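S.K.: what's the 3D shape of this:
(one chain, ligands or ions: 1)
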Amino acid sequence: MTTTMTGRAPSALEATPAEIAAKAAAARRAAAVWRRATIKQRVTALRAVWKALAARREEIRAVVHEETGKPLVEVDLMELGAAGLLVDWMTSVAPRVLGDKAASKPWSLFNKRAYERRVPRGVIGLITPWNMPFLIPFGDAFAAMLAGNAVLLKPSEWTTKTALWLEHAVAATSLLPEGLLSVVPGGGAAGEAVIDATDMIVFTGSTKTGRCVAVRAAGQLKPSVLELGGKHPMIVLADASLERAASAATWAACSNAGQVCVGVERVFVEAEVYERFVELIRPKVAALRQKLDGVDADLGRMVFPPLLDRITEQLEDARKKGARVIGGEVLDRENLMIAPALVLDARMDMKIMTEESFGPVIPIMKVARAEEAVALANAGSEGLAASVWTTDLAKGEALAAALEVGLVGVNEPASHYAFGSLPFGGMKQSGMGRRHGEEGLLAFTQSQSVLVHEWPASAPDLWWFPYNEKKAGFLRKLMGLP
Ligand code: NDP
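M.R.: Next up is the predicted model:
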């Protein structure tokens, strides 16, 4: 992918087919060694890897900031802090979740032992976006390796350096088999090659690309987990703490300059508190400090140049259809800076209420009742994240249950990612499968059902040949048949 719109450009690195084949072969060799390590050994090695990476925090901050322009505080919290929380949870549960599990057995098969073993899939392909260039690749690679796999990572061309830093830093620890985590730089063609060369794909990105990835993987009967786009509806009830809700909307729509898949993308406010909510949020948005250097900044620049035009077009469409737009000016096209925007009196016929913005924009729409907002939200094709704001927690949780999304919050915007124990993913067009949670770890394995005949050592089982009526009668009784 290329762009001539700004001075910022994607990486020119593009792995050749021969390089990809060599990395895939090395990953297979590494996987063959790694799968023989016990879970305890993997936990110990991977904890040590994380410790070594975390000790190089300043380098991570520098490379992530260089590639994304995000405030350094956000690198600490969202990329590194969240990664540390995931490591803690995953390594603490891995022995139980990934260990062998005894299976119950019919009493008539008392002389056999049955258990389920989790077997690594082999080589996992990760295809990742640019918005969380350390956290997403690291978290998924960590889970995949913990489950006994090797990883081929195809990062976004906009954040290749961060991925290469990760590859080199992991290799420098010498704690894992060589080639266990490899980066394949490049664009769509490299992504396709990674699908072809691996045994399972975890894709994070747009719904449009995700569909192509799923089709390609399915054609080869390979499983894929898809984490795609969203359109978080934040639903504010009249009895909500409006102060907290206004702060939450500002943060969850503008953190990472709005480039968060679970970030608030639209706010529905019950009519009786609409004006008050607007009054509260205006100064909060106006007070945001936007800077390029990442120091003492609340938000920085956009990462992906086409977003500037997408957001500008959405704001223009809203303005034309009667919304009051405050902010949203392109401040510096060369450096991809766009001011945060409030879009007041938004309506559902405006693109900004239905198409993913992925930028620091907060459209606010008045609704008669929260149930109307739930119906509007459910009518859309996306189903990633949503939140409900009310002091009546029972009502909030009931509304949350009615929302067709994978991630929902009550008085809580979008911090699910930090809870390794919670499955993370979307419903409908927002994804397939889950990362995190026990199911996220198990997804990197396949079950192998093991049956062991314990005794008697030499006699055949009763139901083997030869058949005869006497034996059949006995077996019918044994199995409880009439
Ligand atoms: P894209 O879908 O454009 O790209 C995602 C990845 O796919 C990139 O590495 C991209 O490479 C690669 N790719 C592009 N074409 C192909 C192809 N044909 N086959 C295989 N891989 C391909 O998404 P963005 O990078 O723009 O990310 C933003 C999107 O990600 C938003 O919609 C956002 O909501 C979503 N997202 C979802 C999350 C979730 O967990 N649900 C989390 C974070 C983001 P390249 O960039 O080099 O073209």
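S.K.: What are the structural domain limits within the chain?
M.R.: Domain assignment of the chain by automatic domain parsing yields the ranges 17-227, 232-418.
S.K.: The ligand contacts on the stretch 301-450 of the chain?
M.R.: By C-beta under 6 Å from any ligand atom, the residues of the stretch 301-450 of the chain that approach the ligand are 304, 356, 358, 384, 426, 431. The C-beta positions use only the backbone N, C-alpha and C, and glycine is treated the same way.
S.K.: what secondary structure does the second one sit in?
M.R.: Counting by DSSP: H, G, I helix; E, B strand; the rest coil, the backbone at residue 356 sits in coil.
S.K.: Do I have it right that residue 373 meets residue 267?
M.R.: No: Residue 373 is beyond contact range of residue 267, at 9.2 Å (criterion: C-beta atoms under 8 Å).
S.K.: the more surrounded of those two?
M.R.: Higher neighbour count among residue 373 and residue 267: residue 267, with 30 against 26, using other C-beta atoms under 10 Å.
S.K.: so what's that one bridging to?
M.R.: Taking DSSP bridges as the rule, residue 267 bridges to residue 234, residue 364.
S.K.: What about the residues of the stretch 301-450 of the chain next to the ligand, which one has the most neighbours?
M.R.: Per-residue neighbour counts (other C-beta under 10 Å) across those peak at residue 384, which has 29 neighbours.
S.K.: Now the most centrally placed residue in the chain: closest residue in space that isn't a chain neighbour?
M.R.: Centroid-nearest residue in the chain, with C-alpha atoms, centre = their mean: residue 227, separated by 5.3 Å. Nearest non-adjacent residue to residue 227, counting by C-beta to C-beta, 6 or more residues apart in numbering: residue 204, 4.3 Å away.
S.K.: how far does stretch 147-164 stretch from start to finish?
M.R.: 22 Å (C-alpha to C-alpha, to the nearest Å).
S.K.: and residue 352, what is it in contact with?
M.R.: When contacts are counted by C-beta atoms under 8 Å, 6 or more residues apart in numbering, residue 352 is found next to 266, 314, 315, 317, 318, 323, 343, 346, 361, 363.
S.K.: With secondary structure, pLDDT and neighbour count added, can I get those in JSON lines?
M.R.: Shown next, in JSON lines, are those (DSSP: H, G, I helix; E, B strand; the rest coil; pLDDT from 0 to 100; neighbours: other C-beta atoms under 10 Å):
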{"residue": "266", "secondary structure": "strand", "pLDDT": "98", "neighbour count": "28"}
{"residue": "314", "secondary structure": "helix", "pLDDT": "98", "neighbour count": "25"}
{"residue": "315", "secondary structure": "helix", "pLDDT": "98", "neighbour count": "25"}
{"residue": "317", "secondary structure": "helix", "pLDDT": "98", "neighbour count": "15"}
{"residue": "318", "secondary structure": "helix", "pLDDT": "98", "neighbour count": "26"}
{"residue": "323", "secondary structure": "coil", "pLDDT": "98", "neighbour count": "22"}
{"residue": "343", "secondary structure": "strand", "pLDDT": "98", "neighbour count": "26"}
{"residue": "346", "secondary structure": "coil", "pLDDT": "98", "neighbour count": "25"}
{"residue": "361", "secondary structure": "strand", "pLDDT": "98", "neighbour count": "27"}
{"residue": "363", "secondary structure": "strand", "pLDDT": "98", "neighbour count": "27"}
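S.K.: Go through the residues you listed and name the one nearest residue 443.
M.R.: Ranked by distance to residue 443 (C-beta to C-beta), the contacts of residue 352 are led by residue 266 at 30.7 Å.
S.K.: From what I see, that closest one and residue 346 are in contact.
M.R.: Yes: Residue 266 lies in contact with residue 346 (C-beta under 8 Å); the separation is 7.0 Å.
S.K.: any common contacting residues for the two?
M.R.: With contacts defined as C-beta under 8 Å, 6+ apart, the residues shared by residue 266 and residue 346 are 352, 353, 363, 364, 365.
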